[in-house]
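Trainee: Curious how this folds, go ahead:
(one chain, ligands or ions: 1)
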Amino acid sequence: MTKYVIRGKRQLQGEITISGAKNAAVAIIPAAILVKGVCRIENVPKISDVTKMLEILKEMGAEVRLVNSSCVEIDCTHIRTQTAPQDMARSIRASYYLAGALLGRFHHAKVPPPGGCYFGVRPVDQHFKGFNALGATTDIQNGYMLVDAPNGIRGANIYLDVVSVGATINIMLAATLADGLTVIENVAKEPHIVDVANFLNSMGARISGAGTDVIKVRGVKELAGGTYTIIPDQIEAGTYMVATAATGGEVLIKNVIPKHLECITAKLIEMGVTVEERDDAVLVRRAVPLRKTNVKTMPYPGFPTDMQPQAVVLLCYAQGTSLVTESVWDNRYRYVDELKRMGANIQVDGKVAVIEGIGDLTGAPVKACDLRAGAAMVVAGLAASGVTEVEDISHIERGYEDLVEKLKSVGADITRVEVPDGTALRRAQ
Ligand code: UD1
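Mentor: The predicted structure follows:
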């Protein structure tokens with residue numbers, strides 16, 4: 001077992017460079033299935049979800065070449081199967097993008113339903129609604145989503161009943177090589193949706209409107225290879241912004257798109273944190289005690305659900321009572337019990353968490369329940385008094401590149417420790 005050991009109460013000071021966006025990378029890599037030719041993708045984050053996605057493509061017959069630690073070339077010209085390997089694919093949420101890409105290129109896909117972090121049922125009805133409108137049949141059998149369009153994919157008008165990132169991207173992928181025009185309404189507007197559209201356009205697709213409520217996809221006959229650079233990771237940047245605020249430090253967070261961070265910046269400023277925007281960086285400084293605030297997660301440009309656990313941790317260090325409402329997922333507060341081990345005073349009732357700011361947390365052994373909850377435990381430990389040991393860090397390493405090295409470079413006392421099996425921390429029952 002591997003864990004992080006954090007000695008808290010060190011103010012973070014210095015500079016951190018943000019990696020490429022996980023949520024863009026895990027959609028752009030399967031999108032390469034639509035392309036005949038070599039896709040050279042730059043600013044790829046070095047995280048385990050990306051490694052798994054590349055392994056899946058290799059297993060399906062793609063040629064994958066690592067050019068350097070952040071650049072990969074993928075050639076899916078000779079992909080030999082439309083079935084995603086069950087064991088590998090079901091461990092990551094984004095494997096559902098294989099369905100849209102395979103449907104678009106081969107009119108057939110057999111892909112396990114989404115895995116990844118568990119914080120509620122992950123329905124795919126809106127993905128299927130879109131595929132059906134494009135002329136495909138859909139079913140779930142024997143642990144696979146089956147999508148078939150023996151007569152090809154035809155453009156259609158699709159109105160999403162729920163604002164879904166996954167469905168928006170998946171339908172966009174399927175429609176890229178369709179016959180005619182597809183109009184998708186009530187779509188999600190996250191930066192990584194725009195990034196996937198830009199990637200596809202740079203390979204020859206004709207997609208407009210990404211980043212607005214309506215995306216139009218004019219089908220093209222085929223896509224050819226090219227080079228594309230992934231955007232910086234909004235959530236990684238937001239996590240380090242919160243960590244800086246929690247420890248009362250000052251960090252320049254580089255290689256970001258400040259516009260993508262505004263939803264996070266606005267809440268930090270409400271809490272008394274100074275955030276100065278530069279062209280491609282933000283300087284975060286906390287000089288005064290944190291103030292309470294209320295947060296509600298929403299689709300972009302609202303406050304991201306992927307920043308909710310980190311926000312809750314920060315509010316534990318604020319003065320006064322704050323309310324957090326999780327409006328995207330049903331079950332995203334499982335980590336609160338872990339925070340309570342550190343002394344947090346939080347009551348959860350359904351989608352609402354009431355956080356009594358107590359100004360300080362105390363180190364304890366805690367678990368990373370999922371990716372962002374794990375990052376939140378790290379933030380909690382960095383600002384807490386004493387030693388925090390975070391277990392189950394494989395969740396965190398799914399989505400944060402070089403977390404330990406980046407935090408050490410700004411003065412954190414954090415180490416990654418291998419613990420022989422059987423000697424893991426014993427918890428009080
Ligand atoms: C969601 C987040 C995304 C985040 C990701 C990983 C939103 C809108 N989406 O994306 O920012 O990066 O989790 O944590 O914030 N839904 C349906 N039917 C469907 C698809 C989704 O009802 O077919 C519902 C889900 O239950 C959920 C909501 O729509 O309540 C948003 O889901 P969706 O955006 O698809 O999830 P992800 O793509 O995983």
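
Trainee: From now on I want contacts and neighbour counts done on CA atoms only, so please keep to that.
Mentor: Will do.

Trainee: how near is the nearest residue to residue 36 once chain neighbours are set aside to residue 95?
Mentor: Distances taken as C-alpha to C-alpha, 6 or more residues apart in numbering put residue 77 closest to residue 36, at 4.6 Å, once the chain neighbours are dropped. Shown here: residue 77 relative to residue 95, a distance of 19 Å by C-alpha to C-alpha, to the nearest Å.

Trainee: quick one, which of those two is more surrounded?
Mentor: A count of neighbours by other C-alpha atoms under 10 Å puts residue 95 above the other of residue 77 and residue 95, at 27 against 18.

Trainee: Neighbours of the residue lying closest to that one once chain neighbours are set aside, how many?
Mentor: Counting by C-alpha to C-alpha, 6+ apart, residue 95 lies nearest to residue 89, which is 5.5 Å off, once chain neighbours are set aside. Per other C-alpha under 10 Å, the neighbour tally for residue 89 reads 24.

Trainee: ok, now which ones touch residue 408?
Mentor: residue 414 (C-alpha atoms under 8 Å, 6 or more residues apart in numbering).

Trainee: helix/strand/coil for it?
Mentor: Here residue 408 is recorded as helix under DSSP: H, G, I helix; E, B strand; the rest coil.

Trainee: With residue 172 instead?
Mentor: Here residue 172 is recorded as helix under three-state DSSP.

Trainee: What is the neighbour count of it?
Mentor: That count, for residue 172 with other C-alpha under 10 Å as the rule, works out to 30.

Trainee: Next up, the contacts around it.
Mentor: Residue 172 is in contact with 100, 197, 217, counting by C-alpha under 8 Å, 6+ apart.

Trainee: ok, now residue 148?
Mentor: Here residue 148 is in contact with 103, 107, 108, 109, 136, 137, 138 (C-alpha under 8 Å, 6+ apart).

Trainee: Which of the residues you listed fall within helices?
Mentor: Using DSSP state H to define helices, the subset of the contacts of residue 148 located there is residue 103.

Trainee: does the residue nearest to residue 36 belong to a helix or a strand, and which?
Mentor: Here residue 77 sits in a region with no helix or strand, counting by DSSP states H and E.

Trainee: For it, what are phi and psi?
Mentor: phi -50, psi -40 (degrees, to the nearest 10).

Trainee: so how far is residue 264 from it?
Mentor: Going from residue 77 to residue 264 by C-alpha to C-alpha gives 40 Å.

Trainee: got the residues of the stretch 301-429 of the chain near the ligand?
Mentor: Selection of the stretch 301-429 of the chain residues close to the ligand by C-alpha under 6 Å from any ligand atom yields 304, 305, 306, 328, 329.

Trainee: The last one in helix, strand or coil?
Mentor: Three-state assignment for residue 329 (three-state DSSP): coil.

Trainee: Report how many residues lie close to it.
Mentor: Neighbours of residue 329 under the rule other C-alpha under 10 Å: 15.

Trainee: Just the buried residues from the contacts of residue 172, in ChimeraX please.
Mentor: Here is the ChimeraX command that selects the buried residues among these (16 or more other C-alpha atoms under 10 Å):
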select :100,197,217
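
Trainee: Keep only those of the contacts of residue 172 that are in helices.
Mentor: Under the assignment DSSP H, the contacts of residue 172 contribute 100, 197 to helices.

Trainee: sorry, back to before: if we take the contacts of residue 148, which one ends up nearest to residue 389?
Mentor: residue 109 (42.3 Å; C-alpha to C-alpha).

Trainee: Am I right that that closest one is in contact with residue 99?
Mentor: Yes: if you go by C-alpha atoms under 8 Å, residue 109 and residue 99 touch, sitting 5.4 Å apart.

Trainee: who's more crowded, the two?
Mentor: Between residue 109 and residue 99, counted using other C-alpha under 10 Å, the more crowded position is residue 99 (32 against 25).

Trainee: Now do that one, the pLDDT please.
Mentor: For residue 99, the model assigns a pLDDT of 97.

Trainee: Endpoint to endpoint, stretch 175-183 covers what distance?
Mentor: Chord length of stretch 175-183, first to last residue, is 9 Å (C-alpha to C-alpha).

Trainee: tell me which residues of it are tucked away?
Mentor: Neighbour counts over stretch 175-183 (16+ other C-alpha under 10 Å) mark 175, 176, 177, 178, 179, 181, 182, 183 as buried.

Trainee: Surely the second one and residue 215 touch.
Mentor: No: between residue 176 and residue 215 there is no contact, the gap being 11.5 Å when judged by C-alpha under 8 Å.
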